[in-house]
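# Let's see this in three dimensions:
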Amino acid sequence: MRTLVLLLLLWPAMAWAADAPLQVVLDHPCTVLYSIHGQNDFRPMSEGPVTQATLNLDRGQHYDIRAEGSDDFLHQWEAESQDVAPGAPPLHMMVTRVWLAGRAATIAVALLAVAVVVGVSRRRPVPSSSPSPAPAAKTPTAAPRADGPILSEAATRLSLFPPDGSLPSAIGPYRVLGHLGHGGMAVVYKVEGSAGERLAVKLPFPEVWDDPEFRKRFGRELRIASALEHPNIVRIVEVNDGGGSFPYPYLVMEWVQGRPLQECLCRDLPQPVENIVAVGLQTLLALEHAHGRQVIHRDIKPSNLMVTYAGDIKVMDFGVARKTDGTRLTATDEVLGTPLYMAPEQIQGEPVDARSDIYAVGTILYEMAAGQPPFDDPNYLRLTMKKVRETAPPLRDKNPQVDPRLERVIMRMLSKRPEERPWTADEAALDLKPLAGPGPHRFIPMGQESDGDEKTSPA
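Prediction:
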């Protein structure tokens, strides 16, 4: 009876929650359109480009929702069932979250009702004359891996991020010598090991560790990068997931004396062919090694290619990499990367392989030869649509001085269809080798001298 009374009292709130509007949240401003399913009569959900749009649902109706200028549906929703309709693939690169506020509220209210009913109905236990059993002994368990709150406490206890902005004295057994760089997710310190060797330590910020996607990405980098050993790949020395004696995760790698390729390139200033070939050959050698071990990098870009002061190229940051051994990742993982350098199939969330990395290398070489990438648009949505729908403009249209042989090699790597690109990194390197001169192939910055700066890209 109590249950019936409580449900009757709570029913208006539950009904109101179920009728809450649909909210579409985007990661880039655009105009969101909607139509009743099948009528193809699209109207804007808001005035002009927005990052969040709201639609009041009518029960029993299907809705088609898409972005202006796109033929792809974001989702098809049915107001009554509040479920995704079959046959409506999401546009992975745009949608970051689509949810019904009423759904969450309904569940919360229902759980509250159940909790109240259980609390009211619970009876006191009847006293028993028999002695109470002794509590069972606790079974020892392994130390848990650090989660968000525990990580924040550990960071404070270990003084890893001093509030005055100073450097921590040590990270595990490594003595901190200086700051090398930082990004939005991690900081990189120059450290000294017990034998006096100079290394670099990547330390994730405690606040980002609360994000399960970041924890998965960082853990994937630990596992994959530590299994790769090649002169053109930044060497991993030690990995710590925070579950051992030092309760904070970190990644120890070789200290690269140099700078990211991104800092060596200038807009509208093409690089000499020797530098283009040097970057292409060394990057492809590193990728051939990784691909041979079933690892696809998926985020090859100038900021992830370190140029040493000797002119060598080292590939770093395997945080977005994936194994091609049959392991499936989520749709969100499938589109991780940097759109400016991503292959069309990766942007669309389709399966990727070695040819997707080769496309990214071709984009870098095109940028070096032309002084600008093949597709360049500050608007995120327009950029992704161009890469999916358009063919890269001929390289010699941007720079008529480019050797026609180099243009053919790069444009083949940039083929929209994966089957028209080189099938392996080794095949792409063979295409480049006829353009290489004698002697070692090294990158020499244009008009730059080594200034002794020490830099390591953090993420």
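# When you work out contacts or count neighbours from here on, use the C-alpha atoms and nothing else.
OK.
# mind listing the helices for the stretch 301-450 of the chain?
For the stretch 301-450 of the chain, helices defined by DSSP state H, counting those that start in this stretch occupy the ranges 331-334, 344-347, 354-370, 380-389, 395-398, 404-413, 425-432.
# Turn these into a markdown table, including mean pLDDT.
Putting the helices of the stretch 301-450 of the chain into a markdown table (pLDDT from 0 to 100) gives the following:
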| stretch | mean pLDDT |
| --- | --- |
| helix 331-334 | 38 |
| helix 344-347 | 94 |
| helix 354-370 | 97 |
| helix 380-389 | 91 |
| helix 395-398 | 95 |
| helix 404-413 | 97 |
| helix 425-432 | 97 |
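# For stretch 265-282, which outside residues touch it?
Stretch 265-282 is touched from outside by 232, 312-314, 361, 365, 367-372, 429, 432-433, 435-437, 441-444, 446, with contacts defined as Cα atoms under 8 Å, 6 or more residues apart in numbering.
# Any of these buried? List them.
With neighbours counted by 16 or more other Cα atoms under 10 Å, those contain buried members at 232, 312-314, 361, 365, 367-372, 429, 432, 435-436, 441-444.
# Now for Pro44, how many residues are close by?
Neighbours of Pro44 under the rule other Cα atoms under 10 Å: 18.
# Return the residues in contact with it.
Pro44 touches Thr31, Val32, Leu33, Tyr34, counting by Cα under 8 Å, 6+ apart.
# Kindly indicate which of the residues you listed lies nearest Val352.
Closest to Val352 out of these is Val32 (28.9 Å), distances taken as Cα to Cα.
# what bridges to the closest one?
Beta-bridge pairing for Val32 (DSSP bridges): Ala67.
# so it makes contact with Arg66?
Yes: checked against Cα atoms under 8 Å, the pair Val32 and Arg66 is within contact range at 5.9 Å.
# And the two? Which one has more around it.
Between Val32 and Arg66, counting by other Cα under 10 Å, Val32 is the more crowded of the two (28 against 22).
# my guess is Thr54 is in a strand, correct?
Yes: judged by DSSP: H, G, I helix; E, B strand; the rest coil, Thr54 forms part of a strand.
# residues near it, how many?
Counted with other Cα under 10 Å, Thr54 comes out at 14.
# separation between it and Val32?
10 Å (Cα to Cα, to the nearest Å).
# cool, Arg267 as well?
34 Å.
# now the helices for the stretch 151-300 of the chain?
Using DSSP H, counting those that start in this stretch, the helices of the stretch 151-300 of the chain run over residues 212-225, 273-292.
# Of all those helices, which one comes closest to Glu254?
Smallest distance to Glu254 across those (Cα to Cα): 12.0 Å, for helix 212-225.
# ok, the residue nearest to Arg421 when sequence neighbours are not counted - contacts?
Spatial nearest neighbour of Arg421, chain neighbours left out: Met413 (5.1 Å); criterion: Cα to Cα, 6 or more residues apart in numbering. Taking Cα under 8 Å, 6+ apart, we find Met413 in contact with Ile358, Tyr359, Val361, Gly362, Arg421, Pro422, Ala428.
# go with 6 Å
Contacts for Met413 (Cα atoms under 6 Å, 6 or more residues apart in numbering) come out as Tyr359, Gly362, Arg421.
# would you list every one of the strands in the stretch 201-350 of the chain?
Assigned by DSSP state E, counting those that start in this stretch, the stretch 201-350 of the chain shows strands spanning 236-240, 250-254, 258-260, 295-296, 305-308, 313-315, 322-323.
# Pull up the pairing partners for the fourth one, direction included.
Yep, that's strand 295-296 we're talking about. Strand 295-296 sits in its sheet next to strand 322-323 (antiparallel), going by DSSP bridges.
# cool, the third one as well?
Partner strands and pairing direction for strand 258-260 (DSSP bridges) are strand 305-308 (antiparallel).
# which residues sit against the strand it pairs with?
Here strand 305-308 makes contact (Cα under 6 Å, 6+ apart) with Gln257, Gly258, Arg259, Pro260, Leu261, Ile313, Lys314, Val315.
# mind running it again at 7 Å?
Val256, Gln257, Gly258, Arg259, Pro260, Leu261, Ile313, Lys314, Val315, Met316 (Cα atoms under 7 Å, 6 or more residues apart in numbering).
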